[in-house]
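Participant: can you look at this prediction? I've put the sequence above it.
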Amino acid sequence: MNGFEPAVEKSKTEEKKSKFPIKTIVSLIAIVIIAIFILSNVYIVKVDEYKVVRQFGEVVSIVENPGLYYKIPFVQSVSSLPKKTLIYDVPPAEINTLDKKRILVDYYALWQVYDPKAMIENLRTLTGAENRLGDIIYSNIRTELGKLNYDEIINSEKDSRGAIDVKVEEEINKILEENNSGIKLIDVKMKRTDLPTTNEQSVFLRMISERESKAQEYLSQGDAEALKIRAQTDRTVAEMLAKAEAEAKIIEADGEKEAARIYNEAYGKDPEFFNMYRALESYKTTINDETVIVFPIHSPYLKYLIGK
């Protein structure tokens, strides 16, 4: 008997030692499970998001403030909605202009969720919100661009798209507010306008024809204006020449009048000298190297030549 006592005591000691680690491991496992369970029901709210808390599928609260929160296990679920500004690329669509031309317009929109509960109740999801927003944008753009001619949309000098974008934004926000959509449009802009592929070539040919017709019209207007300017210039020149000729005749008459006055004064002072001067002046035109002159005895030429 005494030979078996140490072995029994040893087995009891080993059993005690083995029981202690098993309890510890079980306790640690239980703590880990509890920690995982607790952590799985803790959620974090970030600065740029809303947390939507549902209880049996119904929205019970919207958490906006950043921080650490806890939900009821197995009863509540949490989903996220963005608080930041979102970009929605509106699919390109064809519209008819006022002058019955078809164009392809491409828009983008900046929008935001400001009332998550209303958005969920009326639009359900972000995809549903984007689809609804796209429908409203397309409807309003089609209406507004349909009031303009094609060249008013694509011509930079006549471009009214900026005013249209503002008006469309106001109308869309009004509709969203009336429908309690929980979202708002921040900005909407046209990226580009194109011609539909089916009628692009015909429109280009028509545009070329219109431009050529317009160029010919400008040339005709230029020719008419040139003729008008030339006629006006010719008339002005004729008037100036007539005026100058009239003034020249007046000056010439005044000169002849003054010359006659001087002649008369000179003749009055010494008639004999004046007669001699006139006779000598006449010699310049009447006498040359071949001239043969026969003077009467009483001729004034003879008188001055012989000095009697």
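Facilitator: That came through fine.
Participant: which one's the longest helix in the protein?
Facilitator: Criterion DSSP state H: the longest helix present in the chain is helix 200-269.
Participant: now do the helix or strand that it is followed by: which elements does it pack against?
Facilitator: With elements assigned by DSSP states H and E, the helix or strand that comes after helix 200-269 is helix 271-286. If you count contacts as 3 or more CB pairs under 8 Å, 6 or more residues apart in numbering; DSSP states H and E, helix 271-286 packs onto helix 200-269, helix 300-306. Any C-beta I mention is one placed from the backbone N, CA and C, and that applies to glycine too.
Participant: which one is residue 149 nearest to, not counting chain neighbours?
Facilitator: residue 99 (4.6 Å; CB to CB, 6 or more residues apart in numbering).
Participant: phi, psi of that neighbour?
Facilitator: phi -90, psi 30 (degrees, to the nearest 10).
Participant: hang on, it packs against residue 147?
Facilitator: No: Residue 99 is beyond contact range of residue 147, at 11.1 Å (criterion: CB atoms under 8 Å).
Participant: quick check: mean pLDDT across stretch 136-145?
Facilitator: Stretch 136-145 shows an average pLDDT of 89 in the prediction.
Participant: residues of that stretch that come out buried?
Facilitator: Across stretch 136-145, burial judged by 16 or more other CB atoms under 10 Å covers 136, 137, 138, 140, 141, 144, 145.
Participant: would you say the second one is within a helix?
Facilitator: Yes: Residue 137 sits within a helix when classified using DSSP: H, G, I helix; E, B strand; the rest coil.
Participant: quick thing: my sequence starts at 17, can you match it?
Facilitator: I'll keep to 17 as the first residue from here, and by that count the last item is residue 153.
Participant: residues in contact with the closest residue to it other than its chain neighbours?
Facilitator: Leaving aside its sequence neighbours, residue 153 sits nearest to residue 106 (CB to CB, 6+ apart; 5.4 Å). Residues in contact with residue 106 (CB atoms under 8 Å, 6 or more residues apart in numbering) are 122, 123, 124, 125, 150, 153, 154.
Participant: beta partners of residue 106?
Facilitator: Listed by DSSP bridges, the beta-bridge partners for residue 106 are residue 123.
Participant: give me the phi and psi angles of residue 101.
Facilitator: phi -70, psi 130.
Participant: that one contacts residue 128, doesn't it?
Facilitator: Yes: between residue 101 and residue 128 there is a contact at 5.3 Å, judged by CB under 8 Å.
Participant: give me the common contacts of the two.
Facilitator: With CB under 8 Å, 6+ apart, residue 101 and residue 128 have common neighbours residue 202.
Participant: okay, the helices and strands packed on helix 287-302, which one's buried deepest?
Facilitator: helix 316-322 (a mean of 14; mean count of other CB atoms under 10 Å).
Participant: residue ranges with poor pLDDT in the stretch 17-166 of the chain?
Facilitator: The stretch 17-166 of the chain contains residues with pLDDT under 70 at 17-36.
Participant: all helices of it, in order?
Facilitator: All helices of the stretch 17-166 of the chain, identified by DSSP state H, counting those that start in this stretch, fall at 21-56, 132-139, 142-161, 166-170.
Participant: next, format those as JSON lines and append distance to residue 224.
Facilitator: Converted to JSON lines, the helices of the stretch 17-166 of the chain look like this (distance: least, CB to CB, whole Å):
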{"stretch": "helix 21-56", "distance to residue 224": "70"}
{"stretch": "helix 132-139", "distance to residue 224": "47"}
{"stretch": "helix 142-161", "distance to residue 224": "24"}
{"stretch": "helix 166-170", "distance to residue 224": "14"}
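Participant: could you chop the protein up by domain?
Facilitator: Per automatic domain parsing, the domain ranges recorded for the chain read 21-97, 101-210, 223-285, 287-322.
Participant: and those domains, which is most packed in?
Facilitator: domain 101-210 (a mean of 16).
Participant: could I get the full set of strands for the stretch 67-216 of the chain?
Facilitator: 74-79, 83-86, 92-98, 102-112, 118-129, 199-210 (DSSP state E, counting those that start in this stretch).
Participant: quick one: average pLDDT of the last one?
Facilitator: Spelled out, it's strand 199-210. 88.
Participant: starting at the chain centroid, how far to that strand?
Facilitator: Mean-position distance between strand 199-210 and its chain equals 15 Å (CA atoms, centre = their mean, to the nearest Å).
Participant: by contact count, what packs against it?
Facilitator: strand 118-129, helix 142-161, helix 177-194.
Participant: same question, the fifth one
Facilitator: Contact analysis of strand 118-129 by 3+ CB pairs under 8 Å, 6+ apart lists strand 102-112, helix 142-161, helix 166-170, strand 199-210 as its packing neighbours.
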